[in-house]
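Colleague: Quick one: sequence plus predicted model below, questions after.
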Amino acid sequence: MLVLAFHGFYDNARHEETEDRLAEYVERNGLNAVTVYPVGSGDPSSGDSYSWNVEGGNVNLDNGPLGATCATPRIASSYTYDSNIVYKCFDSCFGAGQRGCDPKWGCNFAACFDDRRFVRALVRALLTSMCIDLRHVHLTGISAGGLMAYQTALDLPDLIASVAPIAGSRVWGYNRPPRSAVSLLDVHGYEDTYVPANASNGLGGAPTGAATSHDYFYYHEVPHVTHAFARAAGCDFGANLPFRTKFDGLRGFVCNQPHGRCAGAAVVQCVGNWAHTWPLHHAHPHAYADLVFDFFRSHPRAAPVGLNWSLNWSLNGSLPASTDAAEARRHPLNTSSSVERALNSSSLGVASRTRSAAEAAWALES
């Protein structure tokens, strides 16, 4: 099993591993799994943080397909709770072919490197250097990392078995179903206003069908995102069905299958009484890891692709047809050579493979 875990905004891979405890859970339980912590792009001398350049994350002065993706003008001078913050511009967003970055009137929250192609190159390097069960390639991440987990599932649906975004969503105007069925476990806290699950959790002012985050970006309400995945999974859109877990009832934790029975994959939504963090994290430090690994084990790809096909098409091929080709050309490419150098410099022995794989991804930060 291969699990990619994407860190959040104002975070990094090292902190992510410490906080989410996936790697610790794997080692403690002797699981046959490799956890990898990629590093989001960021310019060394500009911008606010390492983040993820997902669809809709850097439209700048343009509108998305459904209109504005954030509230403007951006007016807050520093990061405070519930603030229409002016994020610093990244150097990578300027130059030939770029949209630029207007800190006051633009909607931008990441560097303009092509993180999507970087992740494809990373997956290729991992699959060609390690023995991975192709039925079990899974994704997770929190906050901005949850956005990237969703993005990667949409970019590589023929390879990804399941995705478990924590406090993630899709930027307003960029919601779409994956090209083929991918199992989904979406987890949100009732009190999350950073990436709110519904308009009622947000700050108001968003277009109908969108939720406003604490920094006044607009996201699709989670039921619309799960509906898109349900369409690809062949769900019958019948009764709202329960989905039992060992944590049911703890801090109001409950999961359901909101779109009925699904033929090609599972589509599950979980909620509970917490804010913008991992589920049940403080009282049960390994609950998140336990929850997602149970889901990953139970939801392999029904028809795993062949390695050559997946590498030659999903990883080397073009982005999905629904992705604007000009958008892909706008961004510099994080090349696979740096990924391969990082992996080749690490010892991927069985005893240390989780940490070594994480260190391989961290090496890209330098």
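Modeller: Structure received. Residues are numbered from 1 along each chain as shown.
Colleague: Start and end of stretch 182-199, how far apart?
Modeller: This stretch, stretch 182-199, spans 26 Å end to end (C-alpha to C-alpha, to the nearest Å).
Colleague: In the stretch 51-200 of the chain, mark out all the strands, start to finish.
Modeller: Assigned by DSSP state E, counting those that start in this stretch, the stretch 51-200 of the chain shows strands spanning 58-60, 107-108, 137-142, 162-166, 183-189.
Colleague: Relative to F295, tell me which of the ones you listed wins on proximity.
Modeller: Closest to F295 of these is strand 183-189 (C-beta to C-beta; 4.7 Å). Just so you know, the C-beta spots here come from the backbone N, C-alpha and C atoms, and that holds for glycine as well.
Colleague: moving C-terminal of the closest one, what's the next helix or strand?
Modeller: Downstream of strand 183-189, the first helix or strand assigned by DSSP states H and E is strand 210-212.
Colleague: Now that following strand: buried residues?
Modeller: For strand 210-212, burial by neighbour count (16 or more other C-beta atoms under 10 Å) applies to 210-212.
Colleague: Which strands or helices does the next helix or strand after that strand pack on?
Modeller: Once the chain leaves strand 210-212, the next helix or strand it forms, by DSSP H and E, is strand 218-220. Strand 218-220 is packed against strand 210-212, with contacts defined by 3 or more C-beta pairs under 8 Å, 6 or more residues apart in numbering; DSSP states H and E.
Colleague: residues making contact with the strand it packs on?
Modeller: Here strand 210-212 makes contact (C-beta atoms under 8 Å, 6 or more residues apart in numbering) with 71, 169, 172, 196-199, 201-206, 218-221.
Colleague: can you do 6 Å?
Modeller: For strand 210-212, the surrounding residues in contact (C-beta atoms under 6 Å, 6 or more residues apart in numbering) are 172, 196, 198-199, 202-206, 218-219, 221.
Colleague: can you tell me the average pLDDT over that strand?
Modeller: Taken as a whole, strand 210-212 has a mean pLDDT of 94.
Colleague: same thing with stretch 7-19?
Modeller: 88.
Colleague: Make 353 the starting number, not 1.
Modeller: Fine by me, first position is 353 from now on; the one you just mentioned is stretch 359-371.
Colleague: Kindly export it (C-alpha atoms) in PDB.
Modeller: The C-alpha coordinates for stretch 359-371 follow below in PDB (Å, rounded to 0.1, in the frame of the first residue of the first chain):
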ATOM      1  CA  HIS A 359       0.300  19.000   4.500                       C
ATOM      2  CA  GLY A 360      -1.800  22.100   5.000                       C
ATOM      3  CA  PHE A 361      -1.200  25.800   4.500                       C
ATOM      4  CA  TYR A 362       1.500  27.300   6.800                       C
ATOM      5  CA  ASP A 363       2.700  23.800   7.400                       C
ATOM      6  CA  ASN A 364       5.300  21.400   6.000                       C
ATOM      7  CA  ALA A 365       5.900  17.700   5.600                       C
ATOM      8  CA  ARG A 366       7.900  17.300   8.800                       C
ATOM      9  CA  HIS A 367       5.100  18.800  10.900                       C
ATOM     10  CA  GLU A 368       2.500  16.800   9.000                       C
ATOM     11  CA  GLU A 369       4.200  13.500   9.900                       C
ATOM     12  CA  THR A 370       4.400  14.500  13.600                       C
ATOM     13  CA  GLU A 371       0.800  15.700  13.700                       C
END
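Colleague: Which positions within it qualify as buried?
Modeller: Of all the residues in stretch 359-371, those buried under the rule 16+ other C-beta under 10 Å are 359-361, 363-365, 368-369, 371.
Colleague: pLDDT (mean, whole number) over stretch 485-500?
Modeller: The pLDDT scores in stretch 485-500 average 96.
Colleague: follow-up on the earlier one: now the buried residues of stretch 359-371 as CSV including secondary structure and distance to L602?
Modeller: Shown next, in CSV, are the buried residues of stretch 359-371 (DSSP: H, G, I helix; E, B strand; the rest coil; distance: C-beta to C-beta, whole Å):
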residue, secondary structure, distance to L602
H359, coil, 25
G360, coil, 23
F361, coil, 27
D363, coil, 25
N364, coil, 29
A365, helix, 29
E368, helix, 23
E369, helix, 24
E371, helix, 19
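Colleague: With respect to Q621, which of those residues is nearest?
Modeller: Distance to Q621 across these (C-beta to C-beta) is lowest for G360, with 20.0 Å.
Colleague: Confirm V577 sits in a strand?
Modeller: No - V577 is assigned helix when assessed by DSSP: H, G, I helix; E, B strand; the rest coil, not a strand.
Colleague: wait, what's in contact with it?
Modeller: Taking C-beta under 6 Å, 6+ apart as the test, what V577 contacts is 521-522, 527.
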